[in-house]
Every structure is written in structure tokens, then in C-alpha cells.
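Asks: this one's sequence-less:
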């Protein structure tokens, strides 16, 4: 397993492949909500297993927001999500960011809590899914 740190232009095909499968097809999120202005300038992360097929993605904005963390169903519960978060937090720290935050879908809130993220408990609707804001000092 490995994580590639990249940008939108270099890894667009891999990022679109995973995010389309997870967010648009599996979760039914509207494509207009999935692709936004943050993709172009964010730092992107892509995981791979033993082949060239991407298994997961995540992005980090200049403001310290993590997002679009997604792992293909066949690769879940194998450490890919943790690898993505670990790399993203490391890069954020290197960028001088002191606190990262994200909008977690409520059904995966516990995953982020295990990675030392904390929420304020306020739930809100985003892209048709219930989310909670979570953050972590780094």
C-alpha cells in the first residue's frame, strides 16, 4: 500500500475514478456538488494497493480543510483511510497549518474520532447528506 501526494492536474483521472464510484454512484451525490473550485488548488492524495488502480482519495485546502476522503468498497477496513489522513495531516503540518478540519458524514464520524478528530456535535445538511464539523490540532 502506498500514498501519492499530488495535484489535480497530475492525478485527475485517478481522483475522478474513485470519487465518482464512491460519491456519485454509491452515495448518489449530485455531480455538481462533487466537483468544485477547491479541486484545482488543493493538495490531493491517492492510495494504491499492489496495482496501478487507485483505491482511495483525499484532499487538503490551503485553509486546512480535509475533504473528499473516499475509499473504494473493496478496499475499506484495510487501512487506506488511515493512510490518507496520516499523510494529509503530515502535509498540513509541513504547510504550517496548526489545525485541520473536515465535514464528516455522520455515519463515519467514529472513524474520524479514532483519528483524534473532535466535533462540536452540530449536525448539518451538505450535498444531501447529514454531516458534522470535526477538527484536530496538529
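Replies: Now that the structure is in, tell me what you want to look at. This structure is a prediction, so every number in the text was calculated from the model and none was measured. Residues are numbered from 1 along each chain as shown.
Asks: burial of the nearest residue to residue 49 once chain neighbours are set aside, as a residue count?
Replies: Nearest residue to residue 49 in three dimensions, chain neighbours excluded: residue 55, at 5.4 Å (CB to CB, 6 or more residues apart in numbering). The way it works is simple: take the backbone N, C-alpha and C, and place the C-beta from them, glycine included. Counted with other CB atoms under 10 Å, residues neighbouring residue 55 total 26.
Asks: Make sure residue 55 is indeed in a strand.
Replies: Yes: applying DSSP: H, G, I helix; E, B strand; the rest coil, one finds residue 55 inside a strand.
Asks: residues in contact with it?
Replies: 1, 18, 47-49, 71-72, 75, 80 (CB atoms under 8 Å, 6 or more residues apart in numbering).
Asks: Now intersect those residues with the strands, please.
Replies: 47-48, 71 (DSSP state E).
Asks: any chance of these in JSON lines, plus neighbour count, distance to residue 101 and pLDDT?
Replies: Output for the ones in strands among the contacts of residue 55, formatted as JSON lines (neighbours: other CB atoms under 10 Å; distance: CB to CB, whole Å; pLDDT from 0 to 100):
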{"residue": "47", "neighbour count": "25", "distance to residue 101": "21", "pLDDT": "98"}
{"residue": "48", "neighbour count": "17", "distance to residue 101": "27", "pLDDT": "97"}
{"residue": "71", "neighbour count": "24", "distance to residue 101": "20", "pLDDT": "98"}
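Asks: Can you add distance to residue 8 and give those residues back as a markdown table?
Replies: Shown next, in a markdown table, are the ones in strands among the contacts of residue 55 (distance: CB to CB, whole Å):
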| residue | distance to residue 8 |
| --- | --- |
| 47 | 17 |
| 48 | 18 |
| 71 | 19 |
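Asks: Of the residues you listed, which is the nearest to residue 93?
Replies: Closest approach to residue 93 among those (CB to CB): residue 47, at 19.4 Å.
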